[in-house]
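Chemist: I would like the atomic coordinates for the input below:
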Amino acid sequence: MLGSFWHPGPPLVYVQTSHPVLSHQREPGGKHVPSRLATVGACGGFLARLLLRRSRSEMICRSARGEKKGLDKVSTRQQSMLDRLQDHAAALGGKCMAIGYKNCMTKVPWHCQHGHTWDATPVSVLNAKTWCPECARNRRRIPLQRLQDHAKTRGGRCLSTSKYNRSKGKVTWQCKLGHNWKATPNMVLHRRTWCPACSRKGRTWKKRSLKDLQGHAASLGGRCLATTYEGMLAPVLWQCRRGHTWQARPHNVLNMKGWCPACARNAPLDLRRLQEHAKSRGGECLARKYVNSYSKVTWKCEHGHTWQARPNHVLNSGVWCPHCRKIGLARLQAHATSLGGRCLAKSYKSYKMKLLWECQEGHTWNATAQSVLHQKTWCPQCAASNWRTEAEVRRILETIFHPAMFPSCYPSFLEGLQLDGYCPDLFLAFEYQGEQHYDPENYFHFGDPSNFRAQRERDARKVELCRDAGVRLLIIPCFVNDKRTFVLTMLLRWFAWGRLATLELPSR
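Modeler: Next up is the predicted model:
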């Protein structure tokens, strides 16, 4: 409904609405009076627009101040993360070229010490420990000059024409006698192989005869039933002391130490060995006769439980009393306490059920009672920290001596012992020694003092064997914080400072 009343100035316009407040109101006399909010005149409209404009300006200013305050807060956090990225890159000898930080999954540009640039997410560089992909590829590519120098020391030549060669890609070589062959740089540089033709020429072959086969079989208590000899790869008939007969190549019997397959399936166990094993576990073997390793016999544990099991499972798979597998919660808690931790489980049902554990460092994880008690596992986070630190030392050395690599290996001169990293070309190895090398109560020893003594003996033996082989062994203790400075300082015992300065890669 539209209405009007006299007002000095331009006429007023009334807006009809159904809202109870904004609609026309009726005076006691019966006249309709327009609502104050529903009536907008020329003067009133100008004043309203002015007030609304001022109110809107104040709201925009307040909003802008709030947004600026929020941006300042975010920019402080972003700057902190940007500083962290730059510090991490500097520790690796490179730079973080980012001018801003958004989040850990947004790629930023990086620059390594060899001039390579690439984009990667902060989470992959900080947490996954990735770095320059081009340098990683270059570690797998070996310069042609290095191959030629190595071949020259052997009196031969490398006939490859590629400037860079993959360590596992075959290249052509030539020895001093003119023989040509193909082999991977990895085999020639690291495994010290050379000309196969010259290698065969230097061997002395012993010609075998039927008499050799018969003599070898007799030494094993059997017989060679062949009447003719046609070579080491021609199968012949054999017989063992128990009368079993089978056919096998002389090469397999004489050189590979093979013998009767039937007797091999009946493992050379006896009742005495079963009884000794049961006694070592605090129990008894109640069998009166031994048939073979797959025929069940009766056993008795230290708690008086009896059961039947195959000798093969008991001796080789570590199986023991199934009744004692029902381990009580008190035993688990006592075992965790002996390792400096706790078993946080409230109940225990079976040895295959995962329980909650806590180590002395406060790490928590889930593991079965069988894995902790019988397989001697413990905190995975503490175990992983040793591996990460070892990888950090390896990365420092590979950066200093690029493109040399320091893989973990079991060199022949260590008599079965392992090196955390070894570069044969530099005669340089490293060992990162965790807390278990210094603390006899470390959980790695599981409360057994003999384990710590054995660890110390292995460490001393490793140092002695490396010294005898002319290998320089760099030992990094776990309590060193600045590992890069420590490594550089210790390397100065053997290398000049100029040798330790990282060389730029040649331009491709």
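Chemist: List the contacts of Arg223.
Modeler: Taking C-beta atoms under 8 Å, 6 or more residues apart in numbering, we find Arg223 in contact with Gln214, Ala217, Trp238, Gln239. Where you see a C-beta, it was placed from the backbone N, CA and C, and this is true even at glycine.
Chemist: And for Lys102?
Modeler: Taking C-beta under 8 Å, 6+ apart, we find Lys102 in contact with Gln78.
Chemist: ditto for Ala309
Modeler: Lys296, Val297, Trp299, Val319.
Chemist: Need the max-distance pair from those.
Modeler: The most widely separated members of the contacts of Ala309, counting by C-beta to C-beta, are Val297 and Val319 (12.5 Å).
Chemist: more neighbours, these two?
Modeler: Val297 (19 against 16; other C-beta atoms under 10 Å).
Chemist: Tabulate the CA atom coordinates of the helix or strand where Ala334 lies in PDB.
Modeler: Using DSSP states H and E, Ala334 maps to helix 329-338. The C-alpha trace of helix 329-338 is given here as PDB (Å, rounded to 0.1, in the frame of the first residue of the first chain):
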ATOM      1  CA  LEU A 329      51.500 -59.700  31.900                       C
ATOM      2  CA  ALA A 330      53.900 -59.700  34.800                       C
ATOM      3  CA  ARG A 331      56.700 -61.300  32.700                       C
ATOM      4  CA  LEU A 332      56.200 -58.700  29.900                       C
ATOM      5  CA  GLN A 333      56.400 -55.800  32.400                       C
ATOM      6  CA  ALA A 334      59.500 -57.300  34.000                       C
ATOM      7  CA  HIS A 335      61.200 -57.700  30.600                       C
ATOM      8  CA  ALA A 336      60.300 -54.100  29.600                       C
ATOM      9  CA  THR A 337      61.700 -52.800  32.900                       C
ATOM     10  CA  SER A 338      65.000 -54.600  32.300                       C
END
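Chemist: Reformat the contacts of Arg223 as a markdown table; add neighbour count and pLDDT.
Modeler: Formatted as a markdown table, these follow (neighbours: other C-beta atoms under 10 Å; pLDDT from 0 to 100):
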| residue | neighbour count | pLDDT |
| --- | --- | --- |
| Gln214 | 16 | 91 |
| Ala217 | 22 | 92 |
| Trp238 | 24 | 92 |
| Gln239 | 15 | 92 |
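Chemist: Distance from the chain centre to whichever helix or strand comes after the helix holding Ala334, please.
Modeler: Next helix or strand after helix 329-338 toward the C-terminus (DSSP H and E): strand 342-343. Chain-centre distance of strand 342-343: 27 Å, with C-alpha atoms, centre = their mean, to the nearest Å.
Chemist: The next helix or strand after strand 342-343 to helix 329-338, inter-axis angle?
Modeler: Next helix or strand after strand 342-343 toward the C-terminus (DSSP H and E): strand 354-358. Inter-element angle recorded for strand 354-358 and helix 329-338: 30 degrees (by axes from the mean of the first three to the mean of the last three C-alpha atoms, to 10 degrees).
Chemist: what residues does strand 354-358 touch?
Modeler: Contacts with strand 354-358, where a contact means C-beta under 8 Å, 6+ apart, come from 332, 336, 341-345, 348, 364-369, 372, 379.
Chemist: Closest to Gly470 out of those residues?
Modeler: When the contacts of strand 354-358 are compared against Gly470 (criterion: C-beta to C-beta), the nearest one is Cys379, at 38.5 Å.
Chemist: how far away is the nearest residue to that closest one once chain neighbours are set aside from Ala330?
Modeler: Of all residues not flanking Cys379 in the chain, Cys359 sits nearest, at 3.8 Å (C-beta to C-beta, 6 or more residues apart in numbering). Applying C-beta to C-beta, to the nearest Å, the value for Cys359 to Ala330 is 19 Å.
Chemist: Looking at the contacts of strand 354-358, which is nearest Gly155?
Modeler: Using C-beta to C-beta, the contacts of strand 354-358 come closest to Gly155 at Cys379, 54.3 Å.
Chemist: for the closest one, what are its contacts?
Modeler: For Cys379, counting by C-beta under 8 Å, 6+ apart, the contacting residues are Gly341, Trp357, Cys359, Glu361, His363, Trp365, Tyr443.
Chemist: Now do the same contact list for the third one.
Modeler: Yep, that's Cys359 we're talking about. Contacts of Cys359 (C-beta under 8 Å, 6+ apart): Leu339, Gly340, Gly341, Trp378, Cys379, Gln381, Cys382, Tyr443.
Chemist: a markdown table for these, including distance to Ala429 and pLDDT?
Modeler: A markdown table is the format used below for the contacts of Cys359 (distance: C-beta to C-beta, whole Å; pLDDT from 0 to 100):
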| residue | distance to Ala429 | pLDDT |
| --- | --- | --- |
| Leu339 | 31 | 74 |
| Gly340 | 32 | 74 |
| Gly341 | 34 | 83 |
| Trp378 | 28 | 77 |
| Cys379 | 28 | 78 |
| Gln381 | 27 | 72 |
| Cys382 | 25 | 71 |
| Tyr443 | 27 | 47 |
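Chemist: Just the buried residues of those.
Modeler: Among the contacts of Cys359, those classed as buried by 16 or more other C-beta atoms under 10 Å are Leu339, Gly340, Gly341, Trp378, Cys379, Cys382, Tyr443.
Chemist: what's the pLDDT at the spatially closest residue to Leu488 that is not a sequence neighbour?
Modeler: Distances taken as C-beta to C-beta, 6+ apart put Leu500 closest to Leu488, at 6.3 Å, once the chain neighbours are dropped. pLDDT, Leu500: 71.
Chemist: Just the ones of the contacts of Ala309 in strands?
Modeler: Val297, Trp299 (DSSP state E).
Chemist: JSON lines please, covering the contacts of Ala309 and showing pLDDT.
Modeler: Output for the contacts of Ala309, formatted as JSON lines (pLDDT from 0 to 100):
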{"residue": "Lys296", "pLDDT": "91"}
{"residue": "Val297", "pLDDT": "92"}
{"residue": "Trp299", "pLDDT": "92"}
{"residue": "Val319", "pLDDT": "81"}
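Chemist: Of the contacts of Ala309, which is the nearest to Gly93?
Modeler: For these, the nearest to Gly93 is Val319 (53.1 Å; C-beta to C-beta).
Chemist: nearest spatial neighbour of that closest one, skipping sequence neighbours?
Modeler: His313 (4.3 Å).
Chemist: How many residues are close by that neighbour?
Modeler: His313 has 14 neighbours, counted by other C-beta under 10 Å.
Chemist: With Val471 instead?
Modeler: A count of nearby residues for Val471, using other C-beta under 10 Å, gives 19.
Chemist: can you pull the contacts of it?
Modeler: Val471 makes contact with Pro411, Phe413, Tyr422, Phe427, Leu428, Ala429, according to C-beta under 8 Å, 6+ apart.
Chemist: what do you get for Glu392?
Modeler: Glu392 makes contacts with Lys129, Lys483, as judged by C-beta under 8 Å, 6+ apart.
Chemist: Using the three-state scheme, assign it.
Modeler: helix (DSSP: H, G, I helix; E, B strand; the rest coil).
Chemist: Could you measure from it over to Val125?
Modeler: Applying C-beta to C-beta, the value for Glu392 to Val125 is 14 Å.
Chemist: now swap in Leu286 and tell me
Modeler: Taking C-beta to C-beta, one finds Leu286 at 62 Å from Val125.
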